[in-house]
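Novice: take this sequence and fold it.
(one chain, ligands or ions: 3)
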Amino acid sequence: MKNPQNVVNYLVIILLLMIILPSTAIYAKTLQELEQEALNKEQKILKEVKKASKKKASKKKASKKKVYKQRKTKSWRAKARKILLAKEIQQTQKQVAFQQQELAGEMVFIKGSCFQLGSPATEKGRDDDEKQHLVCMNDFEIARHEITKAKFSLFVSATNYLTESEKTDGCNGWDGRSWKKSKQYSWRNPGFSQTDYDPVTCVSWNDAIAYTEWLSTQTGQKYRLPTEAEWEYAARAKTITSYPWGDDIETNRGNCYKKSCEDHYPYTAPVGSFNAYNGLYDMHGNVWEWTCSEYEYNYNDKDQQCLTKNHLHHSIVVRGGSWLDLQEKLRSASRDGWDASDRGLNLGFRIVRNL
Ligand SMILES: [Ca+2]
Ligand SMILES: [Ca+2]
Ligand SMILES: [Ca+2]
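Specialist: Ligands and ions are numbered 1, 2, ... in the order given. Okay, here's the model as predicted:
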């Protein structure tokens, strides 16, 4: 080199190049790195977004599941409540039915049809007031038993009811030798010993009606006395003989007077002590039973009707005979008329329920 200035210039240039070139290399590398970093960052963000959305989706799914579960739980609870309620209702219905049965006693369903009411002229021991005639019946329910002292006492305890015997001059009771009307006799004491399951006696027609009215209020069902036709139709059990078991009284079929039935009961017997016919006990004997029908010698369709409380000046039909009657009075067709306020030691009642 001839010009030292040029040498210096060259040196300066070389020096500059030495400074600039590496920094350019570093710069270029940094850019690459930056690009990579940006890429990494972007990927990371993408990943995070993906993760977040996945989390959100799973959260949403979980919340959906929760709602579903809640709904399911709710519907299950509603179902359980429904089942419980149905069970409670069923139980209440059973209790009500049980209470009704406890109060009223068992009832027997009788399928209606047509029959000859009354007795044929050839029937042994018949009365003239039993003229045969055709009657058609609807279905009904009648008590399996005569109303017992136990059942009647429930009514008296609940209402403090005083029977006509207790309110007025007593009942036609039994003093050991004969009938005797006395204030000392009533359904509580007819003059002879009775169990709680013997039929109630010394109750007038009015007392029996009061009992059926109370029973109807207590149970929400319509109880009443049977019509004369219902009584005989139930007693006959589709037979045309004097008694449902045949034309003879036979032995130990029902409770009647002294030896004529050979029943071994000197007074009333606990209800259900003899065989049932048509599912009904003591239709023949034990105590006479009040009906709700007016007594007419020739029936005149009164046998299918009920008297109301306001018709007390008529005689009312009683049926079935009693422990104080001879066998003829126990026949299916036998009938008698008593006044509504009459009461006696051999007269009680059974009930019917409207369907
Ligand atoms: Ca007897
Ligand atoms: Ca009877
Ligand atoms: Ca008669």
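
Novice: list the contacts for the one residue in the stretch 1-150 of the chain that gets nearest to ligand 1?
Specialist: The stretch 1-150 of the chain approaches ligand 1 most closely through residue 146 (14.7 Å), counting by C-beta to the ion. Glycine gets a C-beta too; all of them are placed from N, C-alpha and C. Counting by C-beta atoms under 8 Å, 6 or more residues apart in numbering, residue 146 touches 199-200, 271, 281-282, 286-287, 289, 348-350.

Novice: report the contact partners of the nearest residue to it once chain neighbours are set aside.
Specialist: Of all residues not flanking residue 146 in the chain, residue 199 sits nearest, at 3.9 Å (C-beta to C-beta, 6 or more residues apart in numbering). The contact partners of residue 199, taken as C-beta under 8 Å, 6+ apart, are 145-149, 268, 271, 282, 286-287, 348.

Novice: do residue 96 as well
Specialist: Counting by C-beta under 8 Å, 6+ apart, residue 96 has contacts residue 219.

Novice: phi, psi of the residue nearest to residue 146?
Specialist: phi -70, psi 150 (degrees, to the nearest 10).

Novice: tell me the spacing between it and residue 236.
Specialist: Using C-beta to C-beta, to the nearest Å, we find residue 199 at a distance of 21 Å from residue 236.

Novice: tell me the secondary structure for the residue of the chain found nearest ligand 3?
Specialist: As assessed by C-beta to the ion, ligand 3 sits closest to residue 127 within the chain, at 3.7 Å. Following DSSP: H, G, I helix; E, B strand; the rest coil, residue 127 is assigned to coil.

Novice: ok, and the closest non-adjacent residue to it?
Specialist: residue 334 (7.1 Å).

Novice: correct me if wrong: the one you found contacts residue 322.
Specialist: No. Counting by C-beta atoms under 8 Å, residue 322 is not a contact partner of residue 334; they are 10.8 Å apart.

Novice: so in this protein, which strand runs the longest?
Specialist: Scanning the chain for the strand with the most residues, using DSSP state E, yields strand 288-294.

Novice: determine the longest helix present in this structure.
Specialist: Counting residues, the longest helix found in the chain (DSSP state H) is helix 4-104.

Novice: picking that back up, select only the buried ones of the contacts of residue 146 in ChimeraX?
Specialist: Filtering the contacts of residue 146 down to the buried ones (16 or more other C-beta atoms under 10 Å) takes a single ChimeraX command:
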select :199,200,271,281,282,286,287,289,348,349,350
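
Novice: now, the contacts of residue 146 that are in helices?
Specialist: Among the contacts of residue 146, no member lies in helices (by DSSP H).

Novice: which secondary structure element is home to residue 138?
Specialist: Using DSSP states H and E, residue 138 sits in no helix or strand.

Novice: please apply the same query to residue 207.
Specialist: Going by DSSP H and E, residue 207 is part of helix 205-219.

Novice: can you count the residues close to residue 338?
Specialist: By other C-beta atoms under 10 Å, 18 other residues sit near residue 338.

Novice: which secondary structure state does it sit in?
Specialist: Going by three-state DSSP: residue 338 is strand.

Novice: for it, list each beta-bridge partner.
Specialist: residue 316 (DSSP bridges).

Novice: OK, contacts around the nearest residue in space to residue 144 that is not next to it in sequence?
Specialist: Nearest residue to residue 144, sequence neighbours excluded (C-beta to C-beta, 6+ apart): residue 106, at 4.2 Å. Under the criterion of C-beta under 8 Å, 6+ apart, the neighbours of residue 106 are 143-145.

Novice: quick one: which of those residues has the most company?
Specialist: Going by other C-beta under 10 Å, residue 143 tops those with 24 neighbours.

Novice: and that residue, what pLDDT?
Specialist: Note on residue 143: pLDDT of 98.
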